[in-house]
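Asker: What would the 3D arrangement of this be:
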Amino acid sequence: MVPADGAVADIGSGHGALAAALAARGQRVIATERTARTVAGLRRDLARIGVPVATRRGEGLDVFRDGEVDTAVIAGLGGRSVLRILESSPWLPGWLVLQPMQDADLVEGWLAVRGWPVVIAETMERGRRYRAWLVRVGGAQAVPPA
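Answerer: Residues are numbered from 1 along each chain as shown. Prediction:
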């Protein structure tokens, strides 16, 4: 779901697998984690994978300059955390990829209020349904640039 062009912020990157995959396809990626301990773990995991990815410590999009990235991926967090990050950000990139682990209905409602074009994906894993959205922030274009 991540647009193929432009720089990507992987917010709450965890083990860095998504960040590494995006970097391997040629994108500039910056992976973030909130604490020094989790950033250190992320750096170890990325070194083990062997794909160079920049890392930063901080909360949400606070560690980025306005316009520094074209897409932000916020996946694997709870829906309330996703919304806290979005609502506290002083700016949003042109594209968001959102995949909450729970409270997806809250994220869906937040998006509906804004009326932004979205592409919705659903997947089942171990009997649980997960929803994800590719969102064009404030735009009229629903399909990402190639």
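Asker: C-alpha from now on. contacts and neighbour counts both.
Answerer: Will do.
Asker: where exactly do the helices run in the chain?
Answerer: For the chain, the helices defined by DSSP state H cover 17-24, 36-49, 79-88, 104-114.
Asker: The least confident helix or strand in the chain by mean pLDDT vs helix 104-114, what angle?
Answerer: In the chain, the helix or strand scored least confidently by mean pLDDT, DSSP states H and E is strand 118-125, which has a mean of 83. Per axes from the mean of the first three to the mean of the last three Cα atoms, to 10 degrees, the angle that strand 118-125 makes with helix 104-114 is 170 degrees.
Asker: contact partners of strand 118-125?
Answerer: R129, Y130, R131, A132, W133, L134, V135, R136, A142, V143 (Cα atoms under 8 Å, 6 or more residues apart in numbering).
Asker: ok, now how distant is the residue nearest the centre of the chain from M1?
Answerer: With distances taken as Cα atoms, centre = their mean, the residue of the chain nearest its centroid is V73 (1.0 Å). According to Cα to Cα, to the nearest Å, V73 stands 10 Å off from M1.
Asker: which parts of the least confident helix or strand of the chain are buried?
Answerer: Judged by neighbour count (16 or more other Cα atoms under 10 Å), strand 118-125 contains these buried residues: V118.
Asker: quick one: strands adjacent to that strand?
Answerer: The pairing partners recorded for strand 118-125 under DSSP bridges are strand 128-136 (antiparallel).
Asker: Restricting to C-alpha, output the partner strand in PDB.
Answerer: Extracted C-alpha coordinates of strand 128-136, given in PDB (Å, rounded to 0.1, in the frame of the first residue of the first chain):
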ATOM      1  CA  ARG A 128      -8.600 -11.900  13.200                       C
ATOM      2  CA  ARG A 129      -9.500  -9.300  10.600                       C
ATOM      3  CA  TYR A 130      -7.100  -6.300  10.100                       C
ATOM      4  CA  ARG A 131      -8.000  -3.200   8.200                       C
ATOM      5  CA  ALA A 132      -5.600  -0.800   6.600                       C
ATOM      6  CA  TRP A 133      -6.000   2.500   4.700                       C
ATOM      7  CA  LEU A 134      -4.000   4.300   2.100                       C
ATOM      8  CA  VAL A 135      -5.000   7.900   2.600                       C
ATOM      9  CA  ARG A 136      -4.400  10.900   0.300                       C
END
